[in-house]
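[1] Just to be clear, the model below is a prediction. Sequence and coordinates:
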Amino acid sequence: MSVMASTPSAPVKPKSNTRLRNTLTFWAFVGPLALGLLVFVYIPIVWGFIISFFEARQTVTPSQFVGLTNYVDMLTDPNFVKALVTFLIFAVFIVPTTFFLSLALALLVNNTTKGTSFFRTVFFLPTACSYVVASMTWRMSIFNGLPFGFANIVLGWLGVAPIQWINKPDPPYFWIVLVTVRLWLQLGFYMILFLAGLQEIDRALYEAALVDGAKRGWQTFRHITFPLLRNTSVSILLLSLIAAFQAFDEFYNVLSTGVGSSSNITLARPPLVYIYQVAMADQNYGRGAAGAFILVAIIIAVTIVQGRLFGLGRAEA
């Protein structure tokens with residue numbers, strides 16, 4: 001009968017110490033982020049919601065409770081209603097244009113056999129650019145309205161006289177400036193989303209369609225590609241519409257020369273720009289906060305309706 005030699009086992013560390021160390025490590029990484037969100041995001045949101053029910057002029061300290069007065073005043077303000085109309089015009093231009101151009105770019109890049117990574121990087125790079133920098137470049141260099149501006153130089157080659165792109169309300173050439181700068185900034189981002197959706201489609205579906213007699217191009221796109229991109233398409237429509245609601249930098253920097261100064265900002269003033277002027281220029285923080293929460297409610301409502309309308313989240317056929 002053999003006797004196995006016993007070896008001394010290593011001391012087992014208490015589980016409580018391991019759990020404590022893991023907890024401390026977790027909060028060391030997550031704590032600063034959570035604290036930053038609490039101080040700079042959640043507390044200002046709660047405080048803004050509170051002062052939206054108070055009279056708060058030239059101070060962020062609530063002085064007199066006014067109930068829903070700020071909300072009623074904002075909803076009945078013709079300038080705020082006009083700002084919502086401006087958003088609708090901008091959305092009509094930017095949302096479908098962004099959708100179809102980003103889809104077209106994604107299809108081209110996805111079907112490219114060489115240099116796919118290069119084209120992805122080139123089209124995505126503008127997304128990393130600051131909206132302020134891009135807006136000022138569009139305003140001061142490309143569409144500055146002077147004969148030596150890039151857009152007018154190109155028109156000169158075609159025999160067209162220089163155009164005042166920003167200063168004239170009729171015809172409203174400034175919409176070309178606003179839409180093109182937004183397109184340049186966000187097109188690459190949505191192209192990447194479409195590319196991700198395209199690469200999720202099983203290649204066997206295309207092979208089976210070709211065997212059944214389908215032709216490459218429009219037939220496979222119509223019956224296979226586009227239907228299987230439904231969730232991606234709806235997500236991009238939602239994101240681009242929300243981004244249009246949040247338009248601020250390009251409008252403010254292209255059309256405005258500063259708060260309270262003479263500018264062209266009234267030519268096209270979206271909701272965020274008008275709320276900013278109410279809160280900062282007029283220093284009516286209570287009314288400005290009410291306008292911000294009205295805009296949030298509109299965005300949530302439109303997002304829910306659009307998601308339900310297009311069936312976001314339903315299983316793809």
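    Looks like it came in fine. Numbers count the residues shown, from 1 in each chain.

[2] excluding its backbone neighbours, what's nearest residue 50?
    Leaving aside its chain neighbours, residue 50 sits nearest to residue 62 (6.5 Å; criterion: C-beta to C-beta, 6 or more residues apart in numbering). Quick note: C-beta positions are derived from backbone N, CA and C, even for glycine.

[3] Please tell me how far the residue nearest to the spatial centre of the chain sits from residue 106.
    The chain has residue 243 as the residue nearest its centroid, 3.2 Å off, counting by C-alpha atoms, centre = their mean. Taking C-beta to C-beta, to the nearest Å as the measure, residue 243 falls 18 Å from residue 106.

[4] so what's the residue nearest to residue 50 up against?
    Counting by C-beta atoms under 8 Å, 6 or more residues apart in numbering, residue 62 touches 50-51, 53-56, 286.

[5] Point out the least confident one among these.
    In terms of pLDDT, the weakest of the contacts of residue 62 is residue 56, which scores 84.

[6] Can you tell me the number of residues neighbouring the spatially closest residue to that residue that is not a sequence neighbour?
    Excluding the flanking residues, the one nearest residue 56 by C-beta to C-beta, 6+ apart is residue 286, at 3.8 Å. For residue 286, the neighbour count with other C-beta atoms under 10 Å is 27.

[7] Work out for me the element residue 286 sits within.
    Applying DSSP states H and E as the criterion places residue 286 in helix 285-310.

[8] name the helices or strands packed onto that helix?
    Judged by 3 or more C-beta pairs under 8 Å, 6 or more residues apart in numbering; DSSP states H and E, helix 285-310 is in contact with helix 43-51, helix 69-75, helix 230-245, helix 271-276.

[9] which secondary structure elements does the last one contact?
    Contact here means 3+ C-beta pairs under 8 Å, 6+ apart; on that basis helix 271-276 packs against helix 78-110, helix 249-255, helix 285-310.

[10] do the same with the first one
    Packing contacts for helix 43-51, counted by 3+ C-beta pairs under 8 Å, 6+ apart, involve helix 285-310.

[11] Can you give me the buried ones in the helix it packs on?
    Of the residues in helix 285-310, 285-295, 303, 310 count as buried by neighbour count, 16 or more other C-beta atoms under 10 Å.

[12] Same list, those, but as TSV with distance to residue 85 please.
    Formatted as TSV, the buried residues of helix 285-310 follow (distance: C-beta to C-beta, whole Å):
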residue	distance to residue 85
285	25
286	24
287	20
288	20
289	22
290	19
291	15
292	18
293	20
294	15
295	14
303	20
310	24
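
[13] quick one: which of these is nearest residue 250?
    Closest approach between those and residue 250, by C-beta to C-beta: residue 295, at 17.4 Å.

[14] follow-up on the earlier one: hey, what's the angle from the helix holding residue 286 to helix 78-110? Just curious.
    Here helix 285-310 runs at an angle of 40 degrees relative to helix 78-110 (axes from the mean of the first three to the mean of the last three C-alpha atoms, to 10 degrees).

[15] For helix 285-310, what is the distance to the chain centroid?
    15 Å (C-alpha atoms, centre = their mean, to the nearest Å).

[16] out of everything not next to it in sequence, what's closest to residue 110?
    residue 198 (4.7 Å).

[17] Tell me who's in contact with the one you found.
    Listed by C-beta under 8 Å, 6+ apart, the contact set of residue 198 reads 106-107, 110, 225, 229.
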